[in-house]
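Chemist: Sequence and predicted structure are below.
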Amino acid sequence: MTLARCPFEDDVLLLADATGPDAMSPTRRIVVEAHLAVCSSCAATEDALDLAASAMRATTVPPLGAADAALARIANDCRAPAFHVRRPAVAAAAVLCVAALAVAALIARRGPPDVTPTAAPRRAASTPEPAVAPSVAMPEGPAPTSFPTSLRDLPAQIDALNVGASADDPALAEAVRHVTSTGAPGSWALAGLLDASDPTRALRAVMVAEKVRSSSLVPPLGALLRDVEDGRDPGAAPRGDARDPAVDIGTTEGAKSQLAASTARALAAIGTPAALAELATALDGPSRRTALDAIATCRTSRALDLLADRIRGGRDGAPGEIVDAAVASWPRESARLLLDLSADRALAPLASSALRAHGAELAPHLIPFAAKGDGLVAAAAVRALGETRQPSALAALRSAAARSGLARPAVAALVAIGTDDAYAAAFDVVADPRTPRDLVQVFDGADDAVGVLAAAIGDARLPRRLAAADALGWTRSPDAVEPLARAARDAALRRAAIDALGRIRGDESAAALAVWARPKTADPALVAALGATGSSVAVPSLRALAREPALAASAARALAGIEDAEAVLALAELLAEPRTARAAAESLASMPAGVVVPALLGRLEDPADAAASARARRALVLVAGADLGRTPDAWHTWWDGRRPRTQERSR
């Protein structure tokens, strides 16, 4: 079976010709010389041509005219005057004969050239040996002027490597030594094997490149990564070039993924700005996850700066992934980065999410920042520690809370951590008489703090009991109603307990407050608390309190906080009373029309209670701004026409 002809054979012949280097472009010459370092067939051809040239130079060529003289002697000896010879042709033949004899003699002394390939063929015998094509990116720096013959063994060395070899594999170490010991020619020869059309060989070559870590290999590695992403053969013509069509890599997705991952790791191992730039480009392509993982292995500040610039510049569509990779590799540096991001309003949500997701890794690196005075950085670090939700930050936050400039963010951070110990530490600060009263609002919505605060209700010290009652109200938790109801029995705590119950919406808090809704002892604060519950359970108590001249207006205003038909009808009654008419009218006007009108229309149609029907009509006139009469149909027609607009505004 005949071996297929190498597509570089004509280029090798042209290069060997005396005028070849001048007839060939510099770029093409570089590629051909790099090909000779990895193709055993072409290298053997070049050796044979060099051997013939050497033989020619070693042979003494007869002087001009020697052939004519010899022919003349032959003619005279033969005495054949009719013998005619085409002297130039014969002279040329004589010279060639002499040269051939000289070459034969030299070969006899040295033996025939070894044309046996030194590397195992990468393909079947019917397939041409892969070559370094003009479109392959070559290493940085000037092309070598010559390639050591030892590099002809490099393809065989690469093919013999085990893909899963460990870092200390002897064969891998020997291949690395072979490349590094030959300098630039070794890098150029290795670059010729970074060919995505043969992913198995390319993968082995990348293994060597990762250990060589030569910056000159960045261009070919970057080109290989892009070719794998695009599914193209580096030997094919660039896009838009009609010389050759793009050749599909023809490998499984798993093989492509493995080659891409290895190539990205090799670029990360080199770690130069150019290598990181190649990986940054890959972040915008299908190999994003692979490139990101590789950058994370780089572990240099330069790599972190690259990721930080992408985040700050808004150039990344999924910055959360970038932050995750940064924290995984640079937790200490990422802690400071997140402090900076938290100061940017647009990036603060991203920083907050990262702090919650990676709290365990980041908290130890945030604590030193929180301990540095009471400046902006310390305050940001304290808030960040709260975002981490890490109990390990408690001691640092307690210390920060003792500094006047950090008390508020430190208490908020303790509440954010949300453990019983953290709540207790936060309450200790809040209960201190020297602390601003509004600091208790840090417990707003902290349902889980009810247990700790309820226990503090029984403290022997009155300031702590008062602070506990106040804080329980800010939790807004139904679970706080029962301890507050008990606290209200203590005359010293009753005012604080009633105010706190008013912050908890629902029937339970309304029922607890109704116990104290006695006309003789009730005050405007209790009335307001009843309305703040938003519960219809409070309506009867407010109706009763509205009869008290001192509380009538307060009761009318409190009813506006209860969006219920019963509250609307109660306000309609108060609208008829001179002392409460104005407050009732203002309350009705402030309530949603979708609550007020249906309740009044229902009472307007009640034939059994003419007085209630009249009060409903009076209220409807107030709401509609016009009197449509006693007929319910007219009011229904008006409401049917107005209801869609009302619903649209409510949306």
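Modeler: Received it, and whenever you're ready, just let me know what you need. Residues are numbered from 1 along each chain as shown.

Chemist: hang on, isn't V623 packed against P598?
Modeler: No. Using Cβ atoms under 8 Å as the test, V623 is too far from P598 to be in contact (11.3 Å). The C-beta positions use only the backbone N, C-alpha and C, and glycine is treated the same way.

Chemist: Among these two, which residue is more densely surrounded?
Modeler: V623 (17 against 14; other Cβ atoms under 10 Å).

Chemist: which SS state does the more buried one fall under?
Modeler: Three-state assignment for V623 (DSSP: H, G, I helix; E, B strand; the rest coil): helix.

Chemist: Tell me who's in contact with it.
Modeler: By Cβ atoms under 8 Å, 6 or more residues apart in numbering, the contact set of V623 is 588-589, 593, 596-597, 600.

Chemist: elements contacting the helix or strand containing A381?
Modeler: Assigned by DSSP states H and E, A381 belongs to helix 376-388. Contact analysis of helix 376-388 by 3 or more Cβ pairs under 8 Å, 6 or more residues apart in numbering; DSSP states H and E lists helix 331-342, helix 348-357, helix 359-370, helix 394-401, helix 407-417 as its packing neighbours.

Chemist: related to what we said a few turns ago, for the contacts of V623, which single residue is the most surrounded?
Modeler: Using other Cβ under 10 Å as the neighbour test, the contacts of V623 are led by L600, with 28 neighbours.

Chemist: For that one, which non-adjacent residue is closest in space?
Modeler: A616 (4.5 Å; Cβ to Cβ, 6 or more residues apart in numbering).

Chemist: For the one you found, list the residues it contacts.
Modeler: Contacts of A616 (Cβ under 8 Å, 6+ apart): 569, 572, 600-601, 603-604, 606.

Chemist: Let's see that with 10 Å instead.
Modeler: 568-569, 572-573, 575, 599-606, 609, 632, 635 (Cβ atoms under 10 Å, 6 or more residues apart in numbering).

Chemist: Filter those residues down to the buried ones, PyMOL style.
Modeler: If you want just the buried ones from the contacts of A616 in PyMOL, going by 16 or more other Cβ atoms under 10 Å, the selection is:
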select buried, resi 568+569+572+573+575+599+600+601+603+604+632+635
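
Chemist: which secondary element of the chain has the worst mean pLDDT?
Modeler: helix 87-110 (a mean of 45; mean pLDDT, DSSP states H and E).

Chemist: Pick out the residue nearest the middle of this structure.
Modeler: For the chain, the residue nearest the mean C-alpha position is E321 (2.1 Å; Cα atoms, centre = their mean).

Chemist: Might one say that it is in contact with R289?
Modeler: Yes. Contact criterion Cβ atoms under 10 Å: E321 and R289 qualify, at 7.9 Å.

Chemist: Pull up the overlap in contacts between the two.
Modeler: L283.

Chemist: L190 and R204: what is the separation?
Modeler: Distance of L190 to R204, given as Cβ to Cβ, to the nearest Å: 11 Å.

Chemist: buried residues in the host helix or strand of A512?
Modeler: Using DSSP H and E, A512 falls within helix 507-514. If you call a residue buried by 16+ other Cβ under 10 Å, then helix 507-514 has these buried ones: 508-514.

Chemist: Mind putting the residues you listed into JSON lines with distance to S535?
Modeler: Formatted as JSON lines, these follow (distance: Cβ to Cβ, whole Å):
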{"residue": "E508", "distance to S535": "8"}
{"residue": "S509", "distance to S535": "7"}
{"residue": "A510", "distance to S535": "4"}
{"residue": "A511", "distance to S535": "8"}
{"residue": "A512", "distance to S535": "11"}
{"residue": "L513", "distance to S535": "9"}
{"residue": "A514", "distance to S535": "10"}
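
Chemist: nearest to L414, of those residues?
Modeler: Among these, S509 lies closest to L414 (Cβ to Cβ), at 26.5 Å.

Chemist: List the contacts of that closest one.
Modeler: Contacts of S509 by Cβ under 10 Å, 6+ apart are 473, 476, 478, 480-481, 484-485, 500-503, 529-530, 532-535, 537-538.

Chemist: I'd like to know which of those residues are buried.
Modeler: By 16+ other Cβ under 10 Å, the contacts of S509 give 473, 476, 480-481, 484-485, 500-503, 529-530, 532-535, 537-538 as buried.

Chemist: before we move on, the earlier item: okay, and which of the contacts of S509 map to strands?
Modeler: The strands, defined by DSSP state E, take in nothing from these.

Chemist: Now do the helices in the stretch 551-651 of the chain.
Modeler: For the stretch 551-651 of the chain, the helices defined by DSSP state H, counting those that start in this stretch occupy 552-559, 565-575, 578-590, 593-604, 610-624, 632-650.

Chemist: Reformat those helices as a markdown table; add distance to T521 and mean pLDDT.
Modeler: Compiled in a markdown table, those are given as follows (distance: least, Cβ to Cβ, whole Å; pLDDT from 0 to 100):
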| stretch | distance to T521 | mean pLDDT |
| --- | --- | --- |
| helix 552-559 | 15 | 92 |
| helix 565-575 | 22 | 88 |
| helix 578-590 | 21 | 86 |
| helix 593-604 | 31 | 84 |
| helix 610-624 | 30 | 83 |
| helix 632-650 | 39 | 71 |
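
Chemist: Just the CA atoms of the helix holding A512, as CSV, please.
Modeler: Presented in CSV, the C-alpha positions along helix 507-514 are these (Å, rounded to 0.1, in the frame of the first residue of the first chain):
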residue,chain,number,x,y,z
ASP,A,507,-57.2,39.7,65.6
GLU,A,508,-55.0,38.5,68.6
SER,A,509,-53.5,41.9,69.3
ALA,A,510,-56.9,43.6,68.8
ALA,A,511,-58.5,41.3,71.4
ALA,A,512,-55.6,41.9,73.8
LEU,A,513,-56.1,45.6,73.5
ALA,A,514,-59.9,45.4,73.8
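
Chemist: who's in contact with the closest residue to L362 other than its chain neighbours?
Modeler: Computed as Cβ to Cβ, 6+ apart, the closest residue to L362 that is not its neighbour in sequence is A335, at 5.0 Å. Residues in contact with A335 (Cβ under 10 Å, 6+ apart) are 327, 355, 358, 361-369, 381, 384, 388.

Chemist: about what we covered before: now the angle between helix 331-342 and the helix holding A381, please.
Modeler: 100 degrees (axes from the mean of the first three to the mean of the last three Cα atoms, to 10 degrees).

Chemist: Would you mind listing the buried residues in stretch 285-292?
Modeler: Buried, per 16+ other Cβ under 10 Å, within stretch 285-292: 287-292.

Chemist: and which of the residues you listed is nearest to L462?
Modeler: Closest to L462, out of all of these and judged by Cβ to Cβ, is L292, at 58.3 Å.

Chemist: quick one: common contacting residues for V623 and P598?
Modeler: In contact with both V623 and P598: W639, using Cβ under 10 Å, 6+ apart.

Chemist: just checking, V596 touches E563?
Modeler: Yes. Between V596 and E563 a contact is recorded at 9.1 Å, counting by Cβ under 10 Å.
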